[in-house]
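Trainee: What follows is a protein structure lacking sequence information:
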DNA sequence: TAAATATAGTCAACTTAATTGACTTTATTC
DNA sequence: GAATAAAGTCAATTAAGTTGACTATATTTA
């Protein structure tokens, strides 16, 4: 891709590219730290698991995917050592998915990396502008979606 | 997803959600206009095809996917009537992928819909802030990636 | 309280969009 | 003219999701 093309970026391309720029760097850094088996989709799932764990159905609703898909993700993350399934004390149908120590570690690493990237971006555009950017994006996401949080809204991290 | 969780959105989630908000509305609107067979990935491909067509390999490089994947996308888009393959006049190995009339129509529709969404967003945050937002995102994407446009940067639309 | 229904999770088969590897046809290079 | 490179396609595989069918446990209801 050359820079020529780049000046003609519309809002959609701009949001798409800034998101992938951020997420690519995050995952490159996580890989270097030995968390190469974590994929973008896992991050937002972890966010819902913290702090008290969550059931498969809760996670499915949060992520906007089926409970079967969550079950598969949980299998993968359990095998890789990031989560555990605990049977609920009173309702034996439920299995609470919780983070293992390794799961907590990768979340901490993620926070630090994102904070560092944000700091670098602030060096680039300034703290006030970063503040505005976040405010404006929050407003846009919030007001556009109001109460119709469609299941197609599937954030990562 | 409830609004509680929403206030804790970090930069990554914010970019991800604002992007999917935009892209969801775009595709809902395109569906209503009878372009339901167009998927997010196709838009950016069209952008590279305009104005003079492009070969499979050029598209593959632009999109950061393999030429085989481009070939499949082209099959699909050809069947749906959005593109055509033309054999190059001098180099008979090459096939130039060009937009059909229907392909041009969907691009025009896309422009109009995006412009309208952007207008609505401007009503929401103001024209100056929208200008800043675009400027800042452009800066971030541009400066972060400099000349290392990794193939993992795969924009849509 | 027993029977019917609902809920949580999993298994299996399928879909979609990508991948890698092998191949054909046409151009270029030596 | 022979060897190599390039453009595209075919086939098999992978990854991440889907739908549908099933088991085990809870809840509701007659």
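Mentor: Okay, I see it. Quick caveat, the model's predicted, so the values are computed rather than measured. Residues are numbered from 1 along each chain as shown, chains lettered A, B, ... in the order given.

Trainee: now residue A:93, what's its secondary structure?
Mentor: Three-state assignment for residue A:93 (DSSP: H, G, I helix; E, B strand; the rest coil): coil.

Trainee: quick one: it and chain B, what's the gap?
Mentor: Using C-beta to the nearest C-beta, to the nearest Å, residue A:93 is found at 24 Å from chain B. Bear in mind the C-beta positions are built from the backbone N, C-alpha and C, glycine included.

Trainee: Flag the helix or strand of chain A with the lowest per-element mean pLDDT.
Mentor: Counting by mean pLDDT, DSSP states H and E, the weakest-scoring helix or strand in chain A turns out to be helix A:3-6, with a mean of 43.

Trainee: which residues sit against stretch A:117-132?
Mentor: If you take C-beta atoms under 8 Å, 6 or more residues apart in numbering or on different chains as the criterion, stretch A:117-132 is touched by A:22, A:25-26, A:133, B:11, B:129, B:132-133, B:136, B:139-140, B:143-144.

Trainee: anything in stretch A:70-86 near chain B?
Mentor: No - using C-beta under 8 Å from any C-beta of the partner chain, stretch A:70-86 stays clear of chain B, coming no nearer than 15.0 Å.

Trainee: Is that stretch in proximity to DNA strand D?
Mentor: Yes - residues of stretch A:70-86 contacting DNA strand D under C-beta under 7 Å from any atom of the strand: A:72-73, A:76.

Trainee: What is the end-to-end distance of that stretch?
Mentor: End-to-end distance for stretch A:70-86, by C-alpha to C-alpha, to the nearest Å: 15 Å.

Trainee: Now it: average pLDDT?
Mentor: Averaging pLDDT along stretch A:70-86 yields 97.

Trainee: That stretch: which residues count as buried?
Mentor: Residues of stretch A:70-86 classed as buried: A:70-71, A:73-74, A:77, A:80, A:82-85 (neighbour count, 16 or more other C-beta atoms under 10 Å in any protein chain shown).

Trainee: any bit of that stretch sitting next to DNA strand C?
Mentor: Yes - looking at stretch A:70-86 against DNA strand C by C-beta under 7 Å from any atom of the strand, the contacts come from A:71, A:74-75, A:85.

Trainee: do the same with stretch A:88-105
Mentor: Yes - on the criterion C-beta under 7 Å from any atom of the strand, stretch A:88-105 is in touch with DNA strand C at A:91, A:93-96.

Trainee: so how far does that stretch reach from one end to the other?
Mentor: Taking C-alpha to C-alpha, stretch A:88-105 runs 24 Å from one end to the other.

Trainee: Can you point out the buried residues in that stretch?
Mentor: By neighbour count on 16+ other C-beta under 10 Å, the buried set for stretch A:88-105 is A:94-99, A:103.

Trainee: now check that stretch, is it near DNA strand D?
Mentor: Yes - Stretch A:88-105 comes into contact with DNA strand D (C-beta under 7 Å from any atom of the strand), by way of A:90-93.

Trainee: So which of the contacts of stretch A:117-132 wins on neighbours?
Mentor: residue A:22 (25 neighbours; other C-beta atoms under 10 Å in any protein chain shown).

Trainee: out of the residues of stretch A:88-105 next to DNA strand D, which one sits closest to residue A:41?
Mentor: Ranked by distance to residue A:41 (C-beta to C-beta), those are led by residue A:93 at 25.5 Å.

Trainee: outside of the helix or strand residue A:77 falls within, which residues touch it?
Mentor: Assigned by DSSP states H and E, residue A:77 belongs to helix A:67-79. Contacts with helix A:67-79, where a contact means C-beta under 8 Å, 6+ apart, come from A:41-42, A:45, A:56-57, A:59-60, A:63, A:83-85, A:97, A:103.

Trainee: after that helix, next one along is what?
Mentor: strand A:83-87.

Trainee: quick one: strands adjacent to that following strand?
Mentor: Here strand A:83-87 has these sheet partners by DSSP bridges: strand A:95-99 (antiparallel).

Trainee: Compute the inter-axis angle for the strand it pairs with and helix A:67-79.
Mentor: Interaxial angle, strand A:95-99 versus helix A:67-79 (axes from the mean of the first three to the mean of the last three C-alpha atoms, to 10 degrees): 50 degrees.

Trainee: what angle do the helix or strand just after strand A:95-99 and strand A:95-99 make?
Mentor: Using DSSP H and E, the helix or strand that follows strand A:95-99 towards the C-terminus is helix A:101-125. Counting by the same axes, to 10 degrees, helix A:101-125 lies at 50 degrees to strand A:95-99.
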